[in-house]
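Peer 1: generate a structure from the sequence data that follows.
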Amino acid sequence: MGVSYDAVRRICKRQDQLGEAGLLPRYKQCGTTGIRLSVFYHRVSLWLKRAHPLWGAPYIHLQLDARYAMGRLPSIRTLQLWFKAAGLTKPRPQLLNSPKVWAEYPHQVWQVDAKEQQRTLDGTKVCWLTVVDEKSGAVLAAPVFPYGRIGQVPLGLICEQLQLIFRQWGLPQAIKIDNGRPFGDPKRLQIPLLPLWLVGYGIEPIWNRAARPTDNAKVERAQATTANWADLATCSDIADLRQKLAQVIVTQRERYPVRRLNEQTRQQAYPTIDTPLCLFEISHFDYQLVLAFLQRRSWHRKVSKIGVISFYYQRWFLNRSVADQWVSIRLEATSNEWVIFTDTGEFIKSFSNTVITEQALLSLATSQTNSDESC
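Peer 2: I've put the predicted structure just below:
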């Protein structure tokens with residue numbers, strides 16, 4: 001049988017002591033038990049996970065490398081197993097697959113979204129805009145404002161921060177934004193001035209579908225990541241938050257290895273991200289682009305009983321003969337007039353465009369009015 005005499009004696013002895021259970025293989029005694037690498041790394045990694053439960057194993061691995069790189073570090077997978085054994089991980093939710101059409105190269109499309117209703121330790125309400133390049137997934141900037149909601153931030157301050165981002169990264173071809181103010185209108189009754197200001201610089205605004213965060217999935221994920229890494233609960237004030245966000249943005253873009261990119265950083269996988277597609281100049285604003293953008297669209301309003309409609313903060317009297325009827329509004333770019341038609345295409349009246357003027361859009365950069373006050 002190819003079994004030695006000593007092996008047969010051990011088998012017989014186990015049977016005498018344990019019965020039939022002594023004949024079963026002892027798989028639980030196979031392999032190495034306990035912590036294979038340094039106990040120090042095990043204790044430190046668990047301490048970091050408990051102190052920062054929102055940090056993942058890859059980010060904690062970066063912290064170990066930066067702080068305690070005294071020898072061979074445990075792998076990211078080893079950290080994940082340690083956290084799971086200690087009961088420090090949550091099961092990942094299953095997400096529905098939804099086919100999307102994404103940008104084909106860096107800076108073709110940016111995704112922008114606001115992180116709102118946050119507080120620092122000193123009680124200051126803060127919010128910030130996260131700007132992400134859609135193709136690479138790299139976070140480009142996250143300017144912080146001392147307001148609870150982005151709709152409370154003066155439009156001039158938002159424009160100022162956007163100009164700083166454009167000077168560093170250039171102009172994208174399009175920006176994906178939500179329907180909340182100041183970039184959208186929740187009721188979709190009109191287009192706010194801020195996205196029209198972007199149009200004047202050749203940027204196409206793309207509004208996401210209502211209640212569809214998957215349309216802006218890259219920035220939604222990046223917001224959670226940067227907020228977790230910055231660890232808002234430990235930020236003493238807004239200056240501390242700005243500093244930590246700046247650090248984690250550089251880490252996310254230049255140091256963090258991405259599995260789907262073959263463990264490359266986003267900057268390594270997309271080196272052209274450092275090359276702007278189109279340089280930004282304040283003097284390059286083109287009002288004709290705004291008029292052409294508006295001319296491609298139409299709006300609908302229901303006439304009141306006294307023959308009045310409201311549009312862009314104005315009340316226009318049409319005619320009592322069209323009371324309680326629906327009318328369409330279009331811009332005639334040549335004459336810069338709003339033209340109103342019945343639902344059958346019959347002309348009713350026209351009004352000069354006195355709200356969306358070139359001066360009004362350019363003055364946004366210095367405006368102290370917020371989008372909530374301008375409604």
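Peer 1: low-confidence bits of the stretch 251-375 of the chain, can you list those?
Peer 2: 371-375 (pLDDT under 70).
Peer 1: no wait, the stretch 101-250 of the chain
Peer 2: Where the stretch 101-250 of the chain drops to pLDDT under 70, the residues are 101.
Peer 1: now do the SS call for F280.
Peer 2: The local conformation at F280, judged by DSSP: H, G, I helix; E, B strand; the rest coil, is coil.
Peer 1: that one and Q168 touch, don't they?
Peer 2: No - using Cβ atoms under 8 Å, F280 is not in contact with Q168, being 9.0 Å away. Quick note: C-beta positions are derived from backbone N, CA and C, even for glycine.
Peer 1: how near is the spatially most central residue of the chain to A142?
Peer 2: Nearest residue to the geometric centre of the chain (Cα atoms, centre = their mean): V219, 1.9 Å. V219 sits 10 Å away from A142, going by Cβ to Cβ, to the nearest Å.
Peer 1: quick one: the lengthiest strand in the chain to chain centroid distance?
Peer 2: Ranked by residue count and defined by DSSP state E, the top strand of the chain is strand 109-119. Strand 109-119 sits 6 Å away from the centroid of its parent chain (Cα atoms, centre = their mean, to the nearest Å).
Peer 1: what about the helices in the chain?
Peer 2: 5-18, 39-51, 57-67, 76-85, 155-169, 193-199, 217-230, 238-250, 266-269, 287-295, 358-362 (DSSP state H).
Peer 1: for the ones you listed, which one ends up most surrounded?
Peer 2: Of the helices of the chain, the one with the most neighbours on average (mean count of other Cβ atoms under 10 Å) is helix 193-199, at a mean of 22.
Peer 1: helices and strands around that one, which ones?
Peer 2: helix 155-169, strand 204-207, helix 287-295, helix 358-362 (3 or more Cβ pairs under 8 Å, 6 or more residues apart in numbering; DSSP states H and E).
Peer 1: let's see it at 10 Å
Peer 2: Helix 193-199 sits against helix 155-169, strand 174-177, strand 204-207, helix 287-295, helix 358-362, with contacts defined as 3 or more Cβ pairs under 10 Å, 6 or more residues apart in numbering; DSSP states H and E.
Peer 1: follow-up on the earlier one: list the helices and strands the longest strand of the chain packs on?
Peer 2: The helices and strands touching strand 109-119, judged by 3+ Cβ pairs under 10 Å, 6+ apart, are strand 125-133, strand 139-141, strand 144-145, helix 155-169, strand 174-177, strand 204-207, helix 217-230.
Peer 1: can you list the helices of the chain in CSV and add distance to V339?
Peer 2: Shown next, in CSV, are the helices of the chain (distance: least, Cβ to Cβ, whole Å):
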stretch, distance to V339
helix 5-18, 95
helix 39-51, 63
helix 57-67, 56
helix 76-85, 61
helix 155-169, 28
helix 193-199, 19
helix 217-230, 37
helix 238-250, 46
helix 266-269, 47
helix 287-295, 10
helix 358-362, 20
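Peer 1: those: which one's closest to I206?
Peer 2: Closest to I206 of the helices of the chain, according to Cβ to Cβ: helix 193-199, at 9.7 Å.
Peer 1: send me that closest one as PDB with only the CA atoms.
Peer 2: C-alpha atoms of helix 193-199 as PDB (Å, rounded to 0.1, in the frame of the first residue of the first chain):
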ATOM      1  CA  LEU A 193     -27.500  82.400 -15.800                       C
ATOM      2  CA  LEU A 194     -24.500  80.400 -14.600                       C
ATOM      3  CA  PRO A 195     -24.700  77.600 -17.200                       C
ATOM      4  CA  LEU A 196     -25.300  80.300 -19.800                       C
ATOM      5  CA  TRP A 197     -22.100  81.900 -18.600                       C
ATOM      6  CA  LEU A 198     -20.300  78.600 -19.300                       C
ATOM      7  CA  VAL A 199     -21.900  78.400 -22.800                       C
END
